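>>> This is the structure alone, sequence omitted:
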């Protein structure tokens, strides 16, 4: 899990690390959009669990359990439609990780 969030677009929230400049925030948004587009394999503006799983496989990330992926989807899929939209992914920048996943995340 420690490599999943930075690798994908679900980076730990800026609020989790304290105050930052607008410039730093804008850089994070731009990096997030690039990663989002890379893993949005069907280019529909949403990331499904399957697309995230495919991204994990292609990126050779190890140690992500199905339970952790379920928790991420539940936490970031705000409207509970089974996918993470661009808006929901951008919201992740300012949203701390769920407590259940914080133990797995290295700062």
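Thanks, I have it. Everything quoted here is computed from the prediction, not taken from an experiment.

>>> low-scoring stretches of this structure, by residue?
Scanning the chain with the threshold set as pLDDT under 70 gives 1-20, 98, 101-107.

>>> what ranges do the helices span in it?
Per DSSP state H, the chain carries helices over the ranges 4-7, 22-39, 49-58, 66-76, 86-91, 99-102.

>>> just these: most buried one?
Highest mean neighbour count of the helices of the chain: helix 4-7, a mean of 18 (counted as mean count of other C-beta atoms under 10 Å). Bear in mind the C-beta positions are built from the backbone N, C-alpha and C, glycine included.

>>> can you name the farthest residue from the center of the chain?
residue 21 (21.0 Å; C-alpha atoms, centre = their mean).

>>> Next, the contact list for that one, please.
Counting by C-beta atoms under 8 Å, 6 or more residues apart in numbering, residue 21 makes contact with nothing.

>>> quick one: it from residue 27, how far?
Distance, residue 21 to residue 27, by C-beta to C-beta, to the nearest Å: 9 Å.

>>> and if you look at residue 50?
Relative to residue 27, residue 50 is positioned 29 Å away (C-beta to C-beta).

>>> and what of residue 79?
Distance from residue 79 to residue 27, by C-beta to C-beta: 27 Å.

>>> cool, and residue 52?
Taking C-beta to C-beta, one finds residue 52 at 23 Å from residue 27.

>>> how near is residue 74 to residue 80?
Distance from residue 74 to residue 80, counting by C-beta to C-beta: 8 Å.

>>> right, I mislabeled it, should have said residue 57
Separation of residue 57 from residue 80 (C-beta to C-beta): 25 Å.

>>> what do you get for residue 45?
17 Å.

>>> Over to residue 87?
Note on residue 87: its distance to residue 80, by C-beta to C-beta, is 14 Å.

>>> hmm, back to that, residue 45 and residue 80: who's more crowded?
A count of neighbours by other C-beta atoms under 10 Å puts residue 45 above the other of residue 45 and residue 80, at 12 against 8.
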